[in-house]
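**Q** 3D, please:
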Amino acid sequence: MDAAGYVALSRQSGLMREMQVVANNIANLSTTGFRREGVVFAEHVARIEGEVSLSIPHATGRVVDLSQAGLSQTGGTFDFAIQGEGFFLIETPQGNRLTRAGAFTPSAEGELVTPEGYRLLDAGGAPVFVPPGANALLGADGTLSVNGEAVGQVGLWLPTDPEALRHQSGALFDGGAVQPAEGGRLMQVFLEESNVNPVTEIARMIEVQRAYEMGQKFLDAEDSRARSVIQTLGR
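**A** Next up, the predicted model:
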């Protein structure tokens, strides 16, 4: 394959990855606490034996948009939303994970858990416990109170290294080492929505699709040119 083919194929591969990311964003328009992602395009210089060096694009990195999403009032006692910085810390079989999805329910043991059964952790990294049948109130600082008495404090966390934040699945993130977040505010009976803008994502999908089609036309033209040269030389 000639140099033009290598460059075009690497570009097509990157555009395909971006299309997958955009499609995933659109699929999570209604996912509580979801954060949209984007693809980071970069380039590296590759040396091909016997030819000049090539600047080849690639898109292996992803960036997470952490901008605040809208809040919707649900009326659920254990529906919590975050305004400002911070994540809830969730205990999963794969290790602790960060999330902005705050829909919790008390388990049979009285621990607050996600719909998947993962335990919510407090400001000290321990499970949050609420007495069965209690009408708990949540303060802006995360303090949970029952009958005017504090029974725990929901923790807000951030990755120690912001670059370590990696999207795992749904609204869960792996942040590596974490530290308490400052400045975040908790709200009860609210949930944070997805921060995906459908109009922006659909427009981006159309743009990526058109760019991919243009690249495919170029590859088809290169293939036809190569076939024509081979047929001419073979006569």
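**Q** okay but Arg97 is in contact with Gly170, surely?
**A** No. Counting by C-beta atoms under 8 Å, Arg97 sits too far from Gly170 to count as a contact (10.1 Å). C-betas here are computed from N, CA, C, even on glycine.
**Q** Pull out the buried residues from the lengthiest helix in the chain.
**A** With secondary structure taken from DSSP state H, the chain has its longest helix at helix 198-233. Across helix 198-233, burial judged by 16 or more other C-beta atoms under 10 Å covers 201, 204-205, 208, 211-212, 215, 218.
**Q** next one: stretch 164-178
**A** Of the residues in stretch 164-178, those buried by neighbour count under the rule 16+ other C-beta under 10 Å are 165, 167, 171-175, 178.
**Q** With pLDDT added, can I get those residues in a markdown table?
**A** As requested, these are arranged in a markdown table below (pLDDT from 0 to 100):
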| residue | pLDDT |
| --- | --- |
| Leu165 | 87 |
| His167 | 87 |
| Ala171 | 92 |
| Leu172 | 94 |
| Phe173 | 94 |
| Asp174 | 93 |
| Gly175 | 87 |
| Val178 | 93 |
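**Q** which residues of the chain score low on pLDDT?
**A** Within the chain, the stretches with pLDDT under 70 are 1-7, 41-61, 222-223, 225-226, 229, 234-235.
**Q** for it, what spans make up the helices?
**A** 3-27, 198-233.
**Q** Can you lay out these as a markdown table showing distance to Leu186?
**A** Below are those laid out as a markdown table (distance: least, C-beta to C-beta, whole Å):
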| stretch | distance to Leu186 |
| --- | --- |
| helix 3-27 | 26 |
| helix 198-233 | 28 |
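**Q** Figure out which of those is closest to Gly133.
**A** Proximity to Gly133 (C-beta to C-beta) singles out helix 3-27 among those, at 37.5 Å.
**Q** For the closest one, which helices and strands make contact with it?
**A** For helix 3-27, the elements it packs on are strand 37-47, strand 53-64, helix 198-233, judged by 3 or more C-beta pairs under 8 Å, 6 or more residues apart in numbering; DSSP states H and E.
**Q** okay, the angle between that helix and helix 198-233?
**A** 160 degrees (axes from the mean of the first three to the mean of the last three C-alpha atoms, to 10 degrees).
**Q** I'd like to know how far the residue nearest to Val39 when sequence neighbours are not counted sits from Asp122.
**A** The shortest distance from Val39 to any non-neighbouring residue, by C-beta to C-beta, 6 or more residues apart in numbering, is to Glu18 (4.2 Å). Relative to Asp122, Glu18 is positioned 39 Å away (criterion: C-beta to C-beta, to the nearest Å).
**Q** So which of the two has more stuff around it?
**A** Ranked by neighbour count (other C-beta atoms under 10 Å), Glu18 and Asp122 place Glu18 first, with 23 against 17.
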